[in-house]
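Student: Predicted coordinates and the sequence they were generated for:
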Amino acid sequence: MKKAIISGVTGQDGSYLAELLLSKGYEVHGIMRRLSSFASARIDHLIVGNPNFHTYHGDLTDSPSISGIISEVKPDEFYNLGAMSHVKVSFEVPQYTLESNAVGVLNVLEALRKLSPHTKFYQASSSEMFGVPGTPAPYNENTPMIPQSPYGLSKLAAFHLTRQYRDGYGMFATTGILFNHESPRRGGTFVTKKVSKAVAKIKLGLQDSLVLGNLDAKRDWGWAPEFVEAIYLIMQQEKPDIYVVATGETHTIREFVEEAFSYVGLESKKFVRIDDKYKRPNEVPLLLGDASKIEKLGWKPKMKFHEIVRAMVDYDLAHPNEN
Ligand code: NAP
Ligand code: F7E
């Protein structure tokens, strides 16, 4: 039985990846942080009565906790999905963002090098590493990277650390540059979930407006369960490498908002307000990915933009009071 560690197992992608690996017969070991309230809602269904699923308290910034788990489990695969993943928040907590997303990755790589060098390592890289205004889209593995946020910078540092451990120590250190991917499990402060939840609540008479920031940015939005399949595929290759994972389609935030409101028969302009507090000091204006490299391995996105919007709104109509 193969053993995998997932950092960030309580997050959107971590929870889907844990389900995928369990379905493939893996023993899954998830790292979660101790918080003052419960943060395990996305994995509660896995924790109860599942002998192949184990959780540990740990933090990427706490090296002893990470090396302790690695030396205990000696995993075949380590999926590093843990991160302070909110771009806007990264401007407010830049030091912590670099500590968890860059130094945290160094902590994992060093622990693997010393304690379990044959473990395969996956780093969750991000399209926020791109962002040079005027760069011709779509973006692929060779597009220049000049990040526009502390988050993007932290992910670029981790991307290069992953490359250095691959090249310098011959470790299986691989990475996917994932463009935005969404689902009903998306955190409520990301724009898609904020919109789908608000639209559902407005439709049900539980909320009367939706306050947003920049509606003009364009994002390449995919479906998270499909994107974790890409992560798994990247890890199963013979050699570590770099893969862009994206849909190849881009839409403005405004289009997402309009699609969601019109799906429930409402006019967005009656409910949406703009507040500068949701805007960022720097913004990546356009994200559009070219996933042809991973498509050659057989991965292809299936869910279309309007299906993603509708699936998220449908879920929130059925669960309006869930966080
Ligand atoms: P998410 O829902 O925000 O989940 C992040 C996870 O990381 C949570 O489990 C969180 O724990 C954990 N975490 C945060 N700081 C940590 C720390 N210092 N030590 C250990 N764990 C920590 O993010 P996601 O959407 O699933 O994304 C997964 C990964 O892919 C992240 O690295 C993200 O940056 C990256 N990524 C995401 C996207 C996307 O569109 N979703 C695109 C490209 C890359 P708590 O539950 O305790 O907060
Ligand atoms: O913003 C605009 C905002 O926070 C998307 C993370 O998973 O994907 C995600 O980062 C866009 C931006 O995601 C609001 O300015 C407008 O242009 O949903 P988001 P993100 O910043 O693209 C990348 C690939 C990651 O790696 C990250 O981990 O929407 N926007 N109004 C707003 N955004 C938010 N959050 N809230 C608003 O009210």
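Tutor: Nice, I can see it. Ligands and ions are numbered 1, 2, ... in the order given.
Student: can you list the domains in this protein?
Tutor: 3-181+222-245, 186-219+249-287+303-318 (automatic domain parsing).
Student: okay, how far is it across the first one, tip to tip?
Tutor: Right, the one you point to is domain 3-181+222-245. 25 Å (Cα to Cα, to the nearest Å).
Student: and that domain, anywhere near ligand 2?
Tutor: Yes: judged by Cβ under 6 Å from any ligand atom, domain 3-181+222-245 comes into contact with ligand 2 at 85, 87-88, 126-128, 179-180. Bear in mind the C-beta positions are built from the backbone N, C-alpha and C, glycine included.
Student: what's the closest of the domains of the chain to Leu297?
Tutor: domain 3-181+222-245 (5.8 Å; Cβ to Cβ).
Student: now that closest one: mean pLDDT?
Tutor: Taken as a whole, domain 3-181+222-245 carries a mean pLDDT of 97.
Student: re the thing from before, most widely separated two among the residues of domain 3-181+222-245 next to ligand 2?
Tutor: Spanning the widest gap among these are Lys88 and Phe179, at 17.7 Å by Cβ to Cβ.
Student: quick one: which of those two has more around it?
Tutor: Taking other Cβ atoms under 10 Å, Lys88 and Phe179 do not tie; Phe179 has more neighbours (27 against 18).
Student: so who does that one touch?
Tutor: 127, 219-222, 244-247, 287, 289 (Cβ atoms under 8 Å, 6 or more residues apart in numbering).
Student: hmm, back to that, dump the residues of domain 3-181+222-245 next to ligand 2 into TSV; add distance to ligand 1 and secondary structure as well.
Tutor: Output for these, formatted as TSV (distance: Cβ to the nearest ligand atom, whole Å; DSSP: H, G, I helix; E, B strand; the rest coil):
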residue	distance to ligand 1	secondary structure
Ser85	4	coil
Val87	9	helix
Lys88	13	helix
Ser126	4	strand
Ser127	6	helix
Glu128	7	helix
Phe179	7	coil
Asn180	4	coil
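Student: just curious, which of those residues is nearest to Val309?
Tutor: Checking the residues of domain 3-181+222-245 next to ligand 2 one by one against Val309 (Cβ to Cβ), the nearest turns out to be Asn180, at 12.9 Å.
Student: What is the neighbour count of that closest one?
Tutor: The burial count for Asn180: 22, using other Cβ under 10 Å.
Student: I figured it was touching Ala224, is that so?
Tutor: No: with contact defined as Cβ atoms under 8 Å, Asn180 does not count as touching Ala224 (9.6 Å).
Student: residue contacts, the closest residue to Ala311 other than its chain neighbours?
Tutor: Spatial nearest neighbour of Ala311, excluding adjacent residues (Cβ to Cβ, 6 or more residues apart in numbering): Pro184 at 7.0 Å. Listed by Cβ under 8 Å, 6+ apart, the contact partners of Pro184 are 193, 196, 311-312, 315-316, 319.
Student: ok, the residue in the chain positioned nearest to ligand 1 - contacts?
Tutor: Nearest residue of the chain to ligand 1 (Cβ to the nearest ligand atom) works out as Gly11 at 2.1 Å. Shown in contact with Gly11 (Cβ under 8 Å, 6+ apart): 42, 81-82, 85, 187.
Student: among those residues, who's most crowded?
Tutor: Gly82 (28 neighbours).
Student: List the residues that contact it.
Tutor: 7-8, 11, 14, 31, 60, 100, 104.
Student: sorry, back to before: tell me the one of the contacts of Gly11 nearest Thr175?
Tutor: Comparing these against Thr175 with Cβ to Cβ picks out Leu81 as the nearest, at 11.8 Å.
Student: count of neighbours near the residue nearest to that closest one when sequence neighbours are not counted?
Tutor: Nearest non-adjacent residue to Leu81, counting by Cβ to Cβ, 6+ apart: Gly8, 3.5 Å away. Neighbour count of Gly8, defined by other Cβ under 10 Å: 22.
Student: what do you get for Lys270?
Tutor: 10.
Student: got a list of contacts for the strand or helix carrying Glu229?
Tutor: Element membership of Glu229, judged by DSSP states H and E, is helix 224-235. Helix 224-235 has contacts (Cβ under 8 Å, 6+ apart) with 12-13, 16-17, 20-21, 24, 77, 79, 120, 122, 124, 174-176, 178, 181-183, 185-186, 241, 243, 245, 294, 297-299, 301-303.
Student: Columns neighbour count on top of the contacts of Phe179, output as TSV?
Tutor: Converted to TSV, the contacts of Phe179 look like this (neighbours: other Cβ atoms under 10 Å):
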residue	neighbour count
Ser127	24
Arg219	22
Asp220	28
Trp221	23
Gly222	28
Val244	27
Val245	28
Ala246	29
Thr247	25
Leu287	22
Gly289	27
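Student: Dump those residues into CSV; add secondary structure and distance to Leu161 as well.
Tutor: Converted to CSV, the contacts of Phe179 look like this (DSSP: H, G, I helix; E, B strand; the rest coil; distance: Cβ to Cβ, whole Å):
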residue, secondary structure, distance to Leu161
Ser127, helix, 18
Arg219, strand, 26
Asp220, coil, 25
Trp221, coil, 28
Gly222, strand, 25
Val244, strand, 19
Val245, strand, 20
Ala246, coil, 23
Thr247, coil, 28
Leu287, coil, 23
Gly289, strand, 22
